[in-house]
Each structure stands twice: as C-alpha cells, then as structure tokens.
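**Q** What would the 3D arrangement of this be:
(one chain, ligands or ions: 2)
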Amino acid sequence: VSGKVSARIENRARQLFHEGWPIGPLPMPCVCGAPRHAHSGPNRTGRHADTGCYRYRHDPADALALRAAKAASTGLVEAFRRYSAETMPRPEVRDGQFKVGPSDYGRCPRSIWYRENPPDGFRPLPEDKRAAEVGSMIHDAALAARRHLYPWRHIEQPVVVPGLDRPGRPDDYDPITGILDDVKTAGRWKWDMVGQDGPPDEWWGQVHIYGLAKQAQGHHVTHVRITVINRENGREEPFMRPFDEAYAKRCLDWLLGVLTRLDLGEELERNRPGPSTDPLCQRCFARVHCWNLDEAKELGRSGESLTLLGRHPAEAEIEKVGLEYVQARDERLAAHKVEKELAAVVDGIPLGTYGEVVATEKRNGTYEDNKALVEQIRAWAALPERMRGPMPPLEAPVREKARSIVWKRRRASTRQNKGEEST
Ligand code: SF4
Ligand SMILES: [Zn+2]
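**A** Ligands and ions are numbered 1, 2, ... in the order given. Sure thing, here's the model as predicted:
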C-alpha cells in the first residue's frame, strides 16, 4: 500500500485496527475473505476452492491496518534510520573492493580494517548511533533548505574520488563562488573542542579530498568551508580556508595507503591510545577484540597493558614504560606548579576578554544547605515553648555553590573572524 489509499480501504482498515487481531498467528486474510493458511501450495499463496479464489492476495485493508499498527509504535529516530537507508543507500562496491571514502580520512586505521576486512570470528559490538542520527536529521534538513533556496549549487552530488572504489558525496559546492562546504553537527563535547582548536584535521582532510574530486570533474574550488551546528542550541559557526591542493593530495595519499594495505591483506595499526582513556576507543565497535578486553579482565590487567606489553613482558620493557610514566608524571607536577603560580598572577583580574583569551565565570551548580536547616530547627527548639511558632518546614535552603573563574582561549572562529576584519 503506498500513495493515496481509497476511502473505502481506509475505512475498513480503521475498523480492522479497532477490532484488533486474534492472539496467535495473524490470519492475513486474502481479498477473497479466506485466511492465508486456507490457501493451497507450499507458501499458502495458491487457490482456495470454497471462495473460488485462484491466487492468494493479501487484503489491502488488513495490510494497511497492520502497517498502521506497526508505525504507531515506531520511534522517530528509528523511522529516520529506515528512511535514510531507503532513500540514501550506502554506496555499493564490487567484490574485492573496499568502502573506504573521504569520511574515513584520519580515522583509526585499525577500525577501518575491522570494518572492511575483519578477522575470522570477529563480531562488531552494537553501537549507540542515536546522537549521530539526530545529527543526520539536522544535516539533511539544512541541505534540503539550501537545495530549495540555491538551486545552482551542487548539493550532495556524487563524485568519483580519484583512486577510491566508492563514490563520495560532498555536501554543497557553489560553482559561482567556488566554495565547497561541509556541514557538521556537534554535541557539547565536539562543540567545545571545535571552539577551542577549530575543526579537527579529519574534517579539513575530508572536505579537501572532496575538493580534489570536484577539481577532477573540471570544477574550480577556491575555498573549503566547514559549517558546524551545535545540536543542542542551534548555534552555528563557519570555518573557511583557501583550498590547499598539496594538503588535499597528502590526505588522499593517506587514504590510498590504507587501501593498498587492505588490498595486501595487512592488519592495520591502531592510532588511538585505548579504551581506558580514549572516548573514541570507548565507543568503538571493535574495542573488545582490538584490546583483548575479555582476556585482560581474566588476568586482572588493562586491555592496554596486555595488548601493548603482552602476557609476559620482559623486565627491560616494563622498565621502559615505567620510566616514561615517571617522566610524564614529573612533567605534569611541574606544569601544575606553574599553573598555580600563574593562577595567582591572574587572581583578581576583572572578567572580560583580553586579546585571544577570556576570563569567564563558571557556575558550579547548587547544593542543599542541610547545616542551615539543622541550625533553624535548633534555634526554633531552643525558644521557650510559648514563643515558638509552628515548626519551620523541613526543607533545606538551596544555595549556589561558589562560582569559579575560568580562563579560556576564545572560540577559534571568533578569533578567525577578528583576524579577517583587521586585514
Ligand atoms: S578500539 Fe580504538 S584502537 Fe581499536 S580499532 Fe577501535 S578506535 Fe582503533
Ligand atoms: Zn483467496
């Protein structure tokens, strides 16, 4: 059932839905009125003599009622997931080719290896992609708006990236301005990171590789831009750079290197420090296999320790790591001392912006002042009985914790814009 449904079918479907279905196997009635199982043939799709039916066809009203029942309990994100899968299927590649694309630039090579050429018996862990899916909703809606408003732009037009098996789909290229734009959504963690340091190298690399692909099609790319939208509050920040062809080629080479090693059947290396400390490893579908987490748990060691040092590390190896650890700690202690000395120097400076740096006040939340509550009750109890009013309510006053002053670099895009103004 798709498109417009006749009022007759709709009315019957409504009736069927409200009548409900019997418990047990669904009857799946035929247009002849008989249930499916009364039809002949191994699949019960043949004749039914009693009604003179020659072939089973699911009653469209029953089919519609069943679909409506299922849809009624399908969540928004799940519906979007199905919609994306149906309207924008992942590009297929032929046998022996790999689905490595521009968005893999900078990704942990080993996670690409797990995805493309997994070892025997490897099973990916389930991933929670809901935040990413909400990001895709925003992304798709934003591009649909641009497609409508700016019909001359190339929105999500497939391109062949020289050397890659899988076509890519850059978000938005404007042949008039020469700006190639990539839209990224960010949760709080990403937003703060991008605010401090600008977009990560992976994002710049990806959009630059698309730039190469556009150039290969004969288009002129002057600038690449990354537009970041905060999923939480709708703020957005654009970051723009001139298109750098040499950098783009280096990024593409990195991807081609990964592809070559996949072709050769090599096991690719990790470029992340491990699930004890790294948020990406912590969310990676391969973390248990990659870091031998099951075995490590049995042995009472961390995945990193077992994987990097082995079951029976030699004394010299332990010594080496131990020394590195001691050195890192000493450097931290030294840095912490300098930090405290500098904190003393900025102490008492008014809040505000000073060039590239801002001093802001950070709220630290509230707390229930139970001490004050006890005091109130004591004071009340201490009064002579005739002077006491009713007992005060047993609610601790809520107070704000002391605010702290945080020194930060200004958001990267603000610094950039200011730089542009002054030139
Ligand atoms: S767990 Fe970490 S190191 Fe291993 S594949 Fe995943 S991201 Fe890479
Ligand atoms: Zn029938």
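**Q** make it CA atoms for all contacts and neighbour counts henceforth
**A** Fine.
**Q** can you count the residues close to R386?
**A** 6 (other C-alpha atoms under 10 Å).
**Q** Am I right that it sits in a helix?
**A** Yes - applying DSSP: H, G, I helix; E, B strand; the rest coil, one finds R386 inside a helix.
**Q** What score does it have for pLDDT?
**A** Per-residue pLDDT puts R386 at 83.
**Q** One more: E420?
**A** Note on E420: pLDDT of 46.
**Q** Pull out the buried positions in stretch 159-171.
**A** V159, V160, V161, L164, D165, R166, P167, G168, R169, P170, D171 (16 or more other C-alpha atoms under 10 Å).
**Q** where are the low-confidence patches of the chain?
**A** Along the chain, segments meeting pLDDT under 70 span 1-3, 91, 414-423.
**Q** Pull up the residues of it that are close to ligand 2.
**A** Counting by C-alpha under 5 Å from the ion, the residues of the chain close to ligand 2 are C30, C32, C53, Y56.
**Q** Can you add distance to E266 and secondary structure and give the buried residues of stretch 159-171 back as JSON lines?
**A** Below are the buried residues of stretch 159-171 laid out as JSON lines (distance: C-alpha to C-alpha, whole Å; DSSP: H, G, I helix; E, B strand; the rest coil):
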{"residue": "V159", "distance to E266": "28", "secondary structure": "strand"}
{"residue": "V160", "distance to E266": "25", "secondary structure": "coil"}
{"residue": "V161", "distance to E266": "23", "secondary structure": "coil"}
{"residue": "L164", "distance to E266": "18", "secondary structure": "coil"}
{"residue": "D165", "distance to E266": "18", "secondary structure": "coil"}
{"residue": "R166", "distance to E266": "20", "secondary structure": "coil"}
{"residue": "P167", "distance to E266": "24", "secondary structure": "coil"}
{"residue": "G168", "distance to E266": "25", "secondary structure": "strand"}
{"residue": "R169", "distance to E266": "28", "secondary structure": "coil"}
{"residue": "P170", "distance to E266": "30", "secondary structure": "coil"}
{"residue": "D171", "distance to E266": "32", "secondary structure": "coil"}
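**Q** could those residues go into TSV alongside distance to ligand 1?
**A** Conversion of the buried residues of stretch 159-171 to TSV gives the following (distance: C-alpha to the nearest ligand atom, whole Å):
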residue	distance to ligand 1
V159	28
V160	27
V161	25
L164	21
D165	22
R166	21
P167	24
G168	23
R169	24
P170	25
D171	26
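**Q** before we move on, the earlier item: top of the residues of the chain next to ligand 2 by neighbour count?
**A** Comparing these by number of neighbours (other C-alpha under 10 Å), Y56 comes first, having 25 neighbours.
**Q** what's the spacing between the residue nearest to that one when sequence neighbours are not counted and C53?
**A** Among residues not flanking Y56 along the chain, T45 sits closest, at 4.7 Å (C-alpha to C-alpha, 6 or more residues apart in numbering). Going from T45 to C53 by C-alpha to C-alpha, to the nearest Å gives 10 Å.
**Q** Quick check: residues of the stretch 151-300 of the chain near ligand 1?
**A** Applying C-alpha under 6 Å from any ligand atom, one finds that the stretch 151-300 of the chain approaches ligand 1 through R270, N271, R272, G274, L280, C281, C284, A286, R287, C290.
**Q** Can you name the two of the buried residues of stretch 159-171 that sit furthest apart?
**A** Spanning the widest gap among the buried residues of stretch 159-171 are D165 and D171, at 19.1 Å by C-alpha to C-alpha.
**Q** does the nearest residue to E202 once chain neighbours are set aside sit in a helix, a strand or a coil?
**A** In this structure, E202 finds its nearest non-sequential neighbour in G106, 5.0 Å apart by C-alpha to C-alpha, 6+ apart. Classification of G106 using three-state DSSP returns coil.
**Q** In this protein, where's the longest helix?
**A** helix 315-346 (DSSP state H).
**Q** Work out the gap between that helix and the centre of the chain.
**A** Between the centre of helix 315-346 and the centre of its chain there are 33 Å (C-alpha atoms, centre = their mean, to the nearest Å).
**Q** Stretch 292-309 too?
**A** With C-alpha atoms, centre = their mean as the basis, stretch 292-309 stands 28 Å off its chain's centre.
**Q** can you check stretch 230-249 too?
**A** Centre to centre, stretch against its chain (C-alpha atoms, centre = their mean), the figure for stretch 230-249 is 17 Å.
**Q** what does stretch 260-274 give?
**A** 23 Å.
**Q** Please write out the alpha-carbon positions of it in CSV.
**A** Extracted in CSV, the C-alpha atoms of stretch 260-274 (Å, rounded to 0.1, in the frame of the first residue of the first chain):
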residue,chain,number,x,y,z
THR,A,260,46.8,-0.5,-0.5
ARG,A,261,47.5,-2.2,2.8
LEU,A,262,43.9,-3.5,2.9
ASP,A,263,44.5,-4.9,-0.6
LEU,A,264,47.6,-6.7,0.6
GLY,A,265,45.6,-8.2,3.5
GLU,A,266,47.7,-6.4,6.1
GLU,A,267,46.4,-6.0,9.7
LEU,A,268,46.2,-2.2,10.2
GLU,A,269,47.6,-0.4,13.2
ARG,A,270,45.8,1.4,16.0
ASN,A,271,46.2,5.2,16.2
ARG,A,272,44.3,5.6,19.4
PRO,A,273,45.6,5.0,23.0
GLY,A,274,42.9,2.6,24.2
